[in-house]
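[1] compute the structure for the input listed below.
(2 chains)
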Amino acid sequence: MRRALFLAALLLLTGCEQKRTEQAGVSILWVQPLRDHPVHKLMQAGFLQRCREAGYTCDIVGNPSATNFDVSATIVLADAALARRQYSALAIYSPDPAIYPYIAKRAREGFPVVTWHRLPDAGEVPGLSAAAGHDVTQAATDAALAMGKALGGTGAIAVTQGSFNALENRMAADFAAQVRKTFPAITLLDPQLEGFEPSGAKAKAIALLQGNPQLTGAFSTTGNGAETWAGAARTTHRDVKIISMDYTRQNLDLVKAGAVYAIVAQPLYEEGAAVADLGAKLARHETVPLRNVLPAKIVTAADLAPYYQILSAAGQ
Amino acid sequence: MSPRTAAARTFSLFAVSEVGVLCALVLAVALFSALEPAFLAERNLRAILIIVSFVGIIAIGQIVLLVCGEFDLSVGSVAGLAAVVAGKTMTAMALPVPVALICGVLVGGLVGLINGLVVVRLHIPAFIQTLGMLFIGQGLIQVVTLGYPVYPLPPVIGEIGQASIFFGLGWSFVFFAVLALVADFVLRRTSLGRNCYAVGGNVEVARLVGIDTTRYKIGAFVFVGMLAAIAGMFVMADLASGTTSIGNGWELIVIASVVVGGVSLFGGTGSIAGGLLGMLLLQVVQSGLVISGVSANWQQIAVGVIMVAAVGLDVLRRRMFVDGARAEPAPPPASATLGQAPPDTSRADSRSS
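    Below is the predicted model:
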């Protein structure tokens, strides 16, 4: 009996040790252009936190900028990291199709590749094994419904984008489609480029407000949009219902203060954590679904508390 | 007044470098207000002036530096760096707000000093040195902030940013307006300003007549660095946040604007009024295109075309009126007519900006 118990304990310990060794053997390289953008930092915080918890070895590379989305510079840095260390999975950010050939190339070399923030259709990104993110169409639809309801089904809405990329274009198009479908009395302006430099973005928003006296709503597909439109509305003394992306602390404060109506809480931190787990599973040759949908709530002043908690947990 | 004299006076009027950009500005305002009357609304004009005040503060420094024969491509990242350093100083280090703001200005001055010393003493071209400093500044912003905006800031910063001093305009515009008047006076009416034109016009001749050209150039670099820092901190106050993208891309906006306003990239030519009119013209065009409902895809193309056209028209004006005025037997000098042309306008106007 004693011998059997000893053997069982030994087997258990060996199993645990083996599992720990497997976990410790997981190493994931996170590749993300525009590495230092605050929103990207939030994604990275979720990834690194999950890596720490699970004992994975994780590194982050990307062009060190908060304003310049440089795919080619990022690829060079990723290649350098791969030359230094063996990784068992790659996490590659792919809002720009320019990085698709790199994903295909690394997949051909045998790396499982995970992406996040948007969910490509099967075959859209050759070589991609899995993706974690919110359903852009669903988030845009929810934002459109929330905006239309807040405006009472009338008025006019401006749409602005940080840049014209695949993700933001789709968000803007899906938002517009839903508004046209559900609230035909609402006028929609064509999407405008607000850019990432704050004073220039605000100037453009002010010009939109001045040129369109009927404007009562603003939808921005970028995280800076809350600050941009809140500042423009304040400067022009206009009452505008604003919906923007991302639960950064400043955006949450703007919602709390009533300067912004709502935030589309893209699951930034959660995506990072999901990527770590997907990468680890793929490294262990487990099967995972291609599209791993995470919820993206429309957050108004009534339900901010959980997002402040996430930011605090991420050290922000 | 004889018809001959009237024609000569008209010629002299168009020989003044600011007239070209002023005409373009009037045309742009007329066009956009005809397309969309809301363009001339008080709030829109106020918004344009507020935006111009941020970049205009840097433009004043850049004009002085260009007049001295150099330019600075690092102003945007210096603005961002000073803003986040001031923000961190008043939050992470918990120093009093005035001390933090002074730290921000000193950061700008220090970067300007380094630029000046390297360009003047080590003879590294300003293009290379300040381009390098642009990257260094961007890197330092990330080092200071770790990529996160400096937020929240003490409430007084937001109060400074939202203050309304007159006509709904805040401290940034007051600072910009006073600075523009002082800088214009100094450049046109004092020996300090005239020496700047001399240094930028021909550095060897300036040295031979006893001007300390090294001190003038380094001083101009420090001046533009400090002004970039102040502009960055005004944007920080307006946003109530030390956002890491403050100042991004300003370097080219500033240089393009002042060149449109007749300030030469080769030194020795230009005025505060011209440079600021050029800046106002570009902002009016950008704002007007949005207000008029021009598609976002065409706006940047239109801005680029207008920028080239403005400089092209100015070149044409110089050929027709400045050279034409010189060919006239006895036209009254522009300075005598208007009493405000820079001392070497006629000489420098023969250059291309």
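[2] am I right that A:T160 is in a strand?
    Yes: judged by DSSP: H, G, I helix; E, B strand; the rest coil, A:T160 forms part of a strand.
[3] which residues of the chain score low on pLDDT?
    By default, I'm working from chain A. In the prediction, chain A carries residues with pLDDT under 70 at positions A:1-24.
[4] to clarify, I was referring to chain B.
    In chain B, residues with pLDDT under 70: B:1-17, B:321-353.
[5] 80 - rerun?
    B:1-17, B:20, B:43, B:146-148, B:296-297, B:306-307, B:310-353 (pLDDT under 80).
[6] could you pull out the strands for it?
    Counting by DSSP state E, chain B has no strands to list.
[7] can you check the stretch 101-250 of chain A too?
    A:113-116, A:128-133, A:156-161, A:187-188, A:192-193, A:215-220, A:241-245 (DSSP state E, counting those that start in this stretch).
[8] right, so these: which one is the most enclosed?
    strand A:113-116 (a mean of 28; mean count of other C-beta atoms under 10 Å in any protein chain shown). Where you see a C-beta, it was placed from the backbone N, CA and C, and this is true even at glycine.
[9] ok, and what's touching that one?
    Outside strand A:113-116, the residues within contact range by C-beta atoms under 8 Å, 6 or more residues apart in numbering or on different chains are A:43, A:89-94, A:103, A:106-107, A:125, A:127-133, A:271-272, A:274-275, A:278-279, A:282.
[10] distance of B:G87 relative to B:G137?
    15 Å (C-beta to C-beta, to the nearest Å).
[11] between the two, which one's more packed in?
    Remark: of B:G87 and B:G137, B:G87 carries more neighbours, 28 against 23, as counted by other C-beta atoms under 10 Å in any protein chain shown.
[12] just to check, the more buried one is in contact with B:V150?
    Yes: counting by C-beta atoms under 8 Å, B:V150 is a contact partner of B:G87 at 3.3 Å.
[13] give me the common contacts of those two.
    Going by C-beta under 8 Å, 6+ apart, residues that sit against B:G87 and also against B:V150 are B:236, B:241-242.
[14] check contacts around residue 303.
    I'll assume chain A. Neighbours of A:D303 in contact, by C-beta under 8 Å, 6+ apart: A:K297.
[15] other chain: chain B
    B:V303 neighbours (C-beta under 8 Å, 6+ apart): B:282, B:285-286, B:289.
[16] and the nearest residue to A:Y56 once chain neighbours are set aside, how many neighbours?
    Leaving out its chain neighbours, the residue that sits closest to A:Y56 by C-beta to C-beta, 6 or more residues apart in numbering or on different chains is A:V26, at 4.4 Å. Using other C-beta under 10 Å, A:V26 has 23 neighbouring residues.
[17] of all of the stretch 51-200 of chain B, which residue lies closest to chain A?
    Residue of the stretch 51-200 of chain B nearest chain A, by C-beta to the nearest C-beta: B:G147 (3.8 Å).
[18] tell me the contacts of that residue?
    A:35-38, A:40-41, A:66, B:244.
[19] please repeat the previous calculation with a cut-off of 6 Å.
    Neighbouring residues of B:G147 by C-beta atoms under 6 Å, 6 or more residues apart in numbering or on different chains: A:36, A:41.
[20] dihedrals phi and psi, it?
    The phi/psi pair for B:G147 (degrees, to the nearest 10) reads phi 90, psi -10.
[21] now it: how far from A:T248?
    From B:G147 to A:T248 the distance is 12 Å (C-beta to C-beta).
[22] and what of A:G25?
    35 Å.
[23] the two: who's more crowded?
    A:T248 (27 against 15).
[24] contact partners for the more buried one?
    By C-beta under 6 Å, 6+ apart, the neighbours of A:T248 are A:P38.
[25] can you rerun that using 8 Å?
    Counted by C-beta under 8 Å, 6+ apart, A:T248 has contacts A:38-39, A:42, A:223, A:311, A:316, B:149.
[26] which bits of the stretch 151-300 of chain B sit near chain A?
    B:151-152, B:162, B:235, B:238-239, B:241, B:243-250, B:283, B:286-288, B:290-293, B:295-296, B:299 (C-beta under 8 Å from any C-beta of the partner chain).
[27] hang on, I meant the stretch 1-150 of chain B
    B:36, B:38-39, B:41, B:43-44, B:46-48, B:50-51, B:54-55, B:138-139, B:141-142, B:146-149.
[28] what are the buried residues along stretch B:111-125?
    B:111-120 (16 or more other C-beta atoms under 10 Å in any protein chain shown).
[29] out of the residues you listed, which sit inside helices?
    Those of the buried residues of stretch B:111-125 mapping onto helices are B:111-120, per DSSP state H.
[30] which one of those is nearest A:A140?
    B:V111 (42.8 Å; C-beta to C-beta).
[31] how near is the closest one to B:V224?
    10 Å.
[32] and B:E204, by the same measure?
    24 Å.
[33] of the two, which one has the most company?
    B:V224 (35 against 8).
[34] so what's the more buried one up against?
    Contacts of B:V224 by C-beta under 8 Å, 6+ apart are B:58, B:61-62, B:64-65, B:72, B:75, B:112.
[35] dump the residue contacts of B:G274.
    B:17-18, B:21, B:258, B:261-263.
[36] turn these into JSON lines, columns for distance to B:R189.
    Shown next, in JSON lines, are those (distance: C-beta to C-beta, whole Å):
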{"residue": "B:S17", "distance to B:R189": "17"}
{"residue": "B:E18", "distance to B:R189": "16"}
{"residue": "B:V21", "distance to B:R189": "22"}
{"residue": "B:V258", "distance to B:R189": "20"}
{"residue": "B:G261", "distance to B:R189": "20"}
{"residue": "B:G262", "distance to B:R189": "19"}
{"residue": "B:V263", "distance to B:R189": "18"}
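[37] ok, of those residues, which one's closest to A:F196?
    B:V258 (23.6 Å).
[38] could you find the closest non-adjacent residue to the closest one?
    Nearest to B:V258 is B:G275, by C-beta to C-beta, 6+ apart, at 3.7 Å.
[39] again with B:L110
    Using C-beta to C-beta, 6+ apart, the closest residue to B:L110 is B:G225 (7.4 Å).
[40] isn't A:S199 up against B:I57?
    No: counting by C-beta under 8 Å, A:S199 stays clear of B:I57, with 11.5 Å between them.
[41] the two - which one has more neighbours?
    A direct count of neighbours by other C-beta under 10 Å for A:S199 and B:I57 places B:I57 higher, at 28 against 25.
[42] who's in contact with that one?
    Counting by C-beta under 8 Å, 6+ apart, B:I57 has contacts B:172, B:175-176, B:179, B:227, B:230-231, B:234.
[43] how many neighbours does the spatially closest residue to it that is not a sequence neighbour have?
    Closest residue to B:I57 apart from its sequence neighbours, by C-beta to C-beta, 6+ apart: B:A231 at 4.2 Å. By the criterion of other C-beta under 10 Å, B:A231 has 34 neighbours.
[44] pretty sure B:A231 is in contact with B:G76, am I right?
    No: between B:A231 and B:G76 there is no contact under C-beta under 8 Å: 9.6 Å.
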